[in-house]
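Q: sequence first, predicted coordinates after that:
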Amino acid sequence: MPISMALGKPLIGAVLARLSARGLARRVVDMGPGAGTYADLFRALTPEAAWCAVEAWGPYVAKYGLRGKYDEIIIADIRYLDFIKLGPSDIALFGDILEHMSVAEACDVLAHAAMKSRFMVLSIPIGHWPQDEIEGNPFEKHVEDNLSHAEIQDIVPNLCGGQAMINNQGQGLGVYFSANDLADRNILTSIVAEAEELIASTASDDLNVAAVDFLDPLATAAFRDRIAASVMI
Ligand SMILES: C[S@@+](CC[C@H](N)C(=O)[O-])C[C@H]1O[C@@H](n2cnc3c(N)ncnc32)[C@H](O)[C@@H]1O
């Protein structure tokens, strides 16, 4: 699906809002935007940021109106992307994309991305999540469909925090944060801890839902507003 679960998105929103408040979100690159849910949910939290999307499947640009959601769109497979030409960014988002390649490829992508982006935010399914191509898009296939939280923590370089949200069957999602530079790691570690505390203290069922229909603009806007109301500084 060109969308993902709602799980973890309030935490990501809280972190992005805090990076933005410190002037650390001027360029955001969304790797594998799919239907553009991250732009829909989080652009309002990063008002100074230019948002760039890198999507492998060209037909999604028109189908999901990505030109109206992003300032810049690059059609490319991130495994072969020239990160030098992509240019520097403050934040690289990897929302449910790394399971669409082998672990070795994901490590290679993250190593290159970390050289050009100060902060990285990742969301990755945990447990058994098989998926084939969708709508003729071969990039939707899950190449890695049974990753554990421990395995993902080994893949993400310079981890500054993360959270696994897993059900009784061991299925769920992990959200992870990383920064290349030591000073940035200290900043991000404290921001993530503060954001985790905030989300944990927000006992709203509306916010802590597992799924939202992100293909429905009204449902997406309602969730965006709930996140903004809870995580704004
Ligand atoms: C599950 S969707 C996630 C969409 C969105 N990030 C979200 O979380 O709602 C995965 C997206 O990544 C794209 N994708 C998969 N592999 C890719 C690659 N190697 N390079 C660029 N995009 C890729 C797919 O085409 C699809 O749009």
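A: Yep, that arrived.

Q: could you list the buried residues of stretch 68-81?
A: Lys69, Tyr70, Ile73, Ile74, Ala76, Asp77, Ile78, Leu81 (16 or more other Cβ atoms under 10 Å). Glycine gets a C-beta too; all of them are placed from N, C-alpha and C.

Q: in this protein, which residue is most central in space?
A: Closest to where the C-alpha atoms of the chain average out (Cα atoms, centre = their mean) is Gly95, at 3.2 Å.

Q: so what's it bridging to?
A: Under DSSP bridges, the beta-bridge partners of Gly95 are Ser123.

Q: next one: it, what pLDDT does it get?
A: For Gly95, the pLDDT comes out at 98.

Q: find me the pLDDT at the closest residue to Ala92 other than its chain neighbours, would you?
A: Nearest residue to Ala92, sequence neighbours excluded (Cβ to Cβ, 6 or more residues apart in numbering): Ser117, at 3.9 Å. pLDDT, Ser117: 98.

Q: what's the distance between Ser117 and the ligand?
A: Ser117 sits 15 Å away from the ligand, going by Cβ to the nearest ligand atom, to the nearest Å.

Q: so who does that residue touch?
A: Val29, Pro88, Ser89, Asp90, Ile91, Ala92, Asn180 (Cβ atoms under 8 Å, 6 or more residues apart in numbering).

Q: kindly report the same for Met101.
A: Contacts of Met101 (Cβ under 8 Å, 6+ apart): Arg79, Val109, Val143, Glu144.

Q: switch the cut-off to 6 Å
A: Contacts for Met101 (Cβ atoms under 6 Å, 6 or more residues apart in numbering) come out as Arg79, Val143.

Q: quick one: the helices in the protein?
A: Using DSSP state H, the helices of the chain run over residues 9-21, 37-42, 59-63, 83-86, 103-116, 149-155, 182-201, 217-231.

Q: dump those into a markdown table; add mean neighbour count and distance to Ala49 as well.
A: Formatted as a markdown table, these follow (neighbours: other Cβ atoms under 10 Å; distance: least, Cβ to Cβ, whole Å):
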| stretch | mean neighbour count | distance to Ala49 |
| --- | --- | --- |
| helix 9-21 | 24 | 7 |
| helix 37-42 | 24 | 9 |
| helix 59-63 | 15 | 20 |
| helix 83-86 | 15 | 15 |
| helix 103-116 | 17 | 16 |
| helix 149-155 | 16 | 26 |
| helix 182-201 | 16 | 16 |
| helix 217-231 | 17 | 15 |
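
Q: out of these, which gets nearest to Glu135?
A: If you check each of those against Glu135 by Cβ to Cβ, helix 59-63 wins as the nearest, at 7.8 Å.

Q: next, count neighbours for Asp132.
A: 8 (other Cβ atoms under 10 Å).

Q: alright, that wraps it up for me.
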